[in-house]
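In: model the structure of this input:
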Amino acid sequence: MSENSKTQDSANSAAQAPSPSEAGAGAEAPADGIAAPQTVAEPESLDPAPRIKLDAAADDEPMRPAGRLPRLPSDEEIAASLAKSVSEADEAGPVDDGAPVEEALVEAPAARPSAEEVARRQAAMERAANTKPVLTRVFQVLIAVFYPIVLLVLSIRLVTSSVFLWVEYHRPGFPADSFGFTTEDRVTYGSYTVDYLLNFAPARYLGGLVNTLGKPLFLEREVGHMADVKAVIVMAFLTGLVLAIVMVIGMVYLRRRSHGGIRRGLFAGSIATLALIIGLGVLAVLGWEAFFTEFHRIFFADGTWTFYTDDTLIRLFPSQFWTDSGLFIGVFVLVVSSLTLAFTWPTKDRRQAVAKAKHPGRRAAAG
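Out: All right, here's what the predicted structure looks like:
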């Protein structure tokens, strides 16, 4: 039995036991006749304290002392906690006495941004999504700028070939040589000239050639001019090759990093090429002789590219040959750039494909 139950039992027993005054009230008066002082009896409690009922198991099991008492805070910790509470209350400021405590403790919800702020944030996100890396834009510009140069160099390479030479000499209407060269002679000697432009042989490659009479086929002035032509041709071909390699590198990069970047670069390049070739074609049609002369003055010194009509270079490459060569270059560049423009034109399907690639989670707008 616990100590609490023992204390309550003792109190109940004392309450039920009669007091000494009550016990003496019923006895006879003392012999000396003096009345004993009467005491007022305390009213009994109508509702005695209830007894605490304990389980049988608790009565049988003896009480055991606690293994470890809980740790109470020290005076220093209590003082520090009170000081912290006071400082926080001072920082929070006065609280309205009329407002409930619960409402004062609840933090106000964050203000909802305005419609202008939401629109500004969405615009910033769109700009960030549409911003392209600098290298992507650089490669697109390089492809657009290099495309007309590479295409023009390619057309010149097609002209400086034995195939074009053979087709030109055998085409109907090509003027015959008035000094005795046959078509076979032209093909043979002309092939030597074209091969000299494309190989690494010195000027003796042409200077050592002789005709059927044993005389030098090309004069020294002609060999010197062909050496100048070879320097310009080699430089043009090397430049075109380097630019083509840069274009290929740019296309590989754009294929991995920018959907539609190659198409946009070629589209811009084809437009620039068409504008360039149309402008040059108009100048050539308006005055071919003046155009041909100014072209030679750009790359060759005066007096080094003019010859007599009986010189070998004029007999192999008359004015009609250069006219046909210029016409072939213009038509080739015009056709190829037009096809490039058509295949890279930003149609509706291509724009939707680009938009879908940029935002794969969004559905392209219809209509």
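
In: show me the helices in the stretch 251-367 of the chain, by range?
Out: Taking DSSP state H, counting those that start in this stretch, the helices of the stretch 251-367 of the chain run over residues 261-286, 288-299, 312-316, 319-343, 348-358.

In: so of those helices, which one's packed in deepest?
Out: Counting by mean count of other CB atoms under 10 Å, helix 312-316 has the highest mean neighbour count of the helices of the stretch 251-367 of the chain, with a mean of 20. C-betas here are computed from N, CA, C, even on glycine.

In: export that one as PDB, just CAs?
Out: C-alpha atoms of helix 312-316 as PDB (Å, rounded to 0.1, in the frame of the first residue of the first chain):
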ATOM      1  CA  THR A 312      50.000  30.600-127.400                       C
ATOM      2  CA  LEU A 313      47.900  31.700-124.500                       C
ATOM      3  CA  ILE A 314      45.500  33.700-126.700                       C
ATOM      4  CA  ARG A 315      45.300  30.800-129.200                       C
ATOM      5  CA  LEU A 316      44.500  28.300-126.400                       C
END
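
In: report all helices and strands that the helix or strand hosting residue 223 contacts.
Out: Assigned by DSSP states H and E, residue 223 belongs to helix 220-257. Packing contacts for helix 220-257, counted by 3 or more CB pairs under 8 Å, 6 or more residues apart in numbering; DSSP states H and E, involve helix 134-159, helix 183-198, helix 204-207, helix 261-286, helix 312-316.

In: low pLDDT regions in this structure?
Out: Under the criterion pLDDT under 70, the flagged ranges of the chain are 1-72, 86, 89-111, 128-132, 350-367.

In: from residue 249, how far off is the closest residue to residue 133 other than its chain neighbours?
Out: Nearest non-adjacent residue to residue 133, counting by CB to CB, 6 or more residues apart in numbering: residue 257, 6.8 Å away. Separation of residue 257 from residue 249 (CB to CB, to the nearest Å): 12 Å.

In: overlap in contacts, these two.
Out: Shared contacts of residue 257 and residue 249, defined by CB atoms under 8 Å, 6 or more residues apart in numbering, are absent.

In: give me the neighbour count for residue 191.
Out: Residue 191 has 14 neighbouring residues, counting by other CB atoms under 10 Å.

In: touching, it and residue 162? I think so.
Out: Yes - with contacts counted by CB atoms under 8 Å, residue 191 reaches residue 162, the gap being 5.1 Å.

In: who's in contact with residue 224?
Out: 203, 304.

In: so what's residue 196 up against?
Out: Residue 196 neighbours (CB under 8 Å, 6+ apart): 205, 206, 226, 230.

In: what's the answer for residue 272, then?
Out: Residue 272 sits next to 144, 145, 147, 148 when contact means CB under 8 Å, 6+ apart.

In: how far away is residue 122 from residue 249?
Out: 37 Å.

In: picking that back up, would you turn the helices of the stretch 251-367 of the chain into TSV with distance to residue 118?
Out: Formatted as TSV, the helices of the stretch 251-367 of the chain follow (distance: least, CB to CB, whole Å):
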stretch	distance to residue 118
helix 261-286	32
helix 288-299	60
helix 312-316	76
helix 319-343	42
helix 348-358	22
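
In: which one of those helices lies nearest to residue 211?
Out: helix 312-316 (8.3 Å; CB to CB).

In: ok, back up a step: so which of the contacts of residue 196 wins on neighbours?
Out: Counting by other CB under 10 Å, top hit in these: residue 206 with 24 neighbours.

In: so it sits right up against residue 195, yeah?
Out: No - Residue 206 lies out of contact with residue 195 (CB under 8 Å); the separation is 9.5 Å.

In: so which other helices or strands are in contact with the helix or strand where residue 167 lies?
Out: Residue 167 is located in helix 162-170, with elements delineated by DSSP H and E. In terms of contacts (3+ CB pairs under 8 Å, 6+ apart), helix 162-170 is packed against helix 183-198, helix 319-343.
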